[in-house]
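**Student:** Following is a predicted model, sequence given first.
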Amino acid sequence: MAWRSFVRQVRVRPPQTAAVQTFALAVLFAAGMLCGSLYAGHCYDSSSLSLSEYLSGYCELYAQGGEAVLSLLSVLRLYFGYAAAAFLLGFTAIGALALPALSAVYGFTAMFAVCCFVQVYGRYGIVLALAALGLRFLFTLPCFLWIASHAWAASSTLAAATRGKRCAPAPRDAAYFYRLLVCVVWLIAGVCCEMYLTPPLFHLALQGIA
């Protein structure tokens with residue numbers, strides 16, 4: 001009985017580890033956001049004219065309907081890029097280092113885009129950023145953290161094995177691919193929302209600066 005109780009305790013450790021890894025990736029994402037905001041301020045000081053022209057052109061394209069901005073291929077890349085990279089890195093030992101770096105890069109690019117809107121349009125830039133990017137991060141960020149945390153555990157196991165350490169097999173059971181399937185369905189729903197909801201939302205937000 002005591003041995004069975006011990007085995008059960010061991011089996012519930014992976015969810016706790018995944019939770020810790022998810023938290024660590026979220027912290028790295030937040031650190032990347034901080035760096036992105038600082039870098040956006042530096043870019044605006046050094047090349048504010050080019051940044052203003054770029055965002056003005058971006059807004060004009062959206063004002064014309066948004067088709068030139070939101071092609072299906074570009075939306076698929078934006079929605080599936082980070083999650084797919086995290087999933088594939090889970091099959092490599094280098095993912096033990098690459099996944100934390102990927103989380104920080106994701107946070108950097110996300111906050112950089114938001115801060116660029118704020119730098120050019122002031123406080124109303126937050127509204128524009130939410131209209132243009134809010135739906136995207138609502139769908140992509142949870143999927144990325146969910147997949148990346150388990151991929152990090154798998155790649156860490158592979159990295160330990162390459163160093164000659166005795167460790168348990170990488171956690172790639174049916175649940176590992178079930179999470180991928182759930183995220184694919186969720187991201188496809190996000191792509192549909194991006195194609196049909198983001199253009200009118202951003203067009204509506206543009207009325208405030210017209």
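**Tutor:** Yep, it's here. Quick caveat: nothing in here was measured; it's all calculated off a predicted structure.

**Student:** can you pull the contacts of the residue most central in space within the chain?
**Tutor:** By C-alpha atoms, centre = their mean, the mean C-alpha position of the chain lies nearest to residue 141, the distance being 4.1 Å. Going by C-beta atoms under 8 Å, 6 or more residues apart in numbering, residue 141 touches 29, 106, 110. Where C-beta positions appear, they are placed from N, C-alpha and C, glycine not excepted.

**Student:** and if we set it to 6 Å?
**Tutor:** Going by C-beta atoms under 6 Å, 6 or more residues apart in numbering, residue 141 touches no other residue.

**Student:** Determine the number of other residues adjacent to residue 206.
**Tutor:** 17 (other C-beta atoms under 10 Å).

**Student:** Quick check: the gap between the closest residue to residue 96 other than its chain neighbours and residue 104.
**Tutor:** Distances taken as C-beta to C-beta, 6 or more residues apart in numbering place residue 159 nearest to residue 96, at 4.1 Å, with adjacent residues excluded. Distance of residue 159 to residue 104, given as C-beta to C-beta, to the nearest Å: 19 Å.

**Student:** Keeping just the C-alphas, turn stretch 132-146 into CSV.
**Tutor:** Output in CSV follows, covering the C-alpha atoms of stretch 132-146 (Å, rounded to 0.1, in the frame of the first residue of the first chain):
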residue,chain,number,x,y,z
ALA,A,132,-5.1,45.2,-34.5
LEU,A,133,-3.4,42.7,-32.2
GLY,A,134,-5.8,41.9,-29.3
LEU,A,135,-7.6,39.0,-30.9
ARG,A,136,-4.3,37.5,-32.1
PHE,A,137,-2.7,37.4,-28.7
LEU,A,138,-5.9,36.1,-27.1
PHE,A,139,-5.7,33.0,-29.3
THR,A,140,-1.9,32.6,-29.8
LEU,A,141,-0.4,33.3,-26.4
PRO,A,142,-2.3,30.6,-24.4
CYS,A,143,-1.5,28.0,-27.1
PHE,A,144,2.1,28.9,-27.2
LEU,A,145,2.6,28.7,-23.4
TRP,A,146,0.7,25.4,-23.2
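
**Student:** Model confidence score at residue 81, please.
**Tutor:** With respect to pLDDT, residue 81 scores 95.

**Student:** and what of residue 193?
**Tutor:** So, for residue 193, pLDDT stands at 92.

**Student:** Buried ones in the host helix or strand of the residue nearest to the centre of the chain, by neighbour count?
**Tutor:** Using DSSP states H and E, residue 141 sits in helix 124-162. Neighbour-count burial for helix 124-162, counted by 16 or more other C-beta atoms under 10 Å, picks out 125, 127-133, 135-137, 139-141, 143-160.

**Student:** what residues does the helix or strand following it touch?
**Tutor:** Downstream of helix 124-162, the first helix or strand assigned by DSSP H and E is helix 174-196. Surrounding helix 174-196, the residues in contact under the criterion C-beta under 6 Å, 6+ apart are 70, 75, 79-80, 83, 87, 135, 139, 143, 147.

**Student:** One more pass at 8 Å, please.
**Tutor:** So helix 174-196 is contacted by 70, 72, 75-76, 78-80, 83, 87, 90, 135-136, 138-140, 142-143, 146-147, 150, 154 (C-beta under 8 Å, 6+ apart).

**Student:** Alright, that wraps it up for me.
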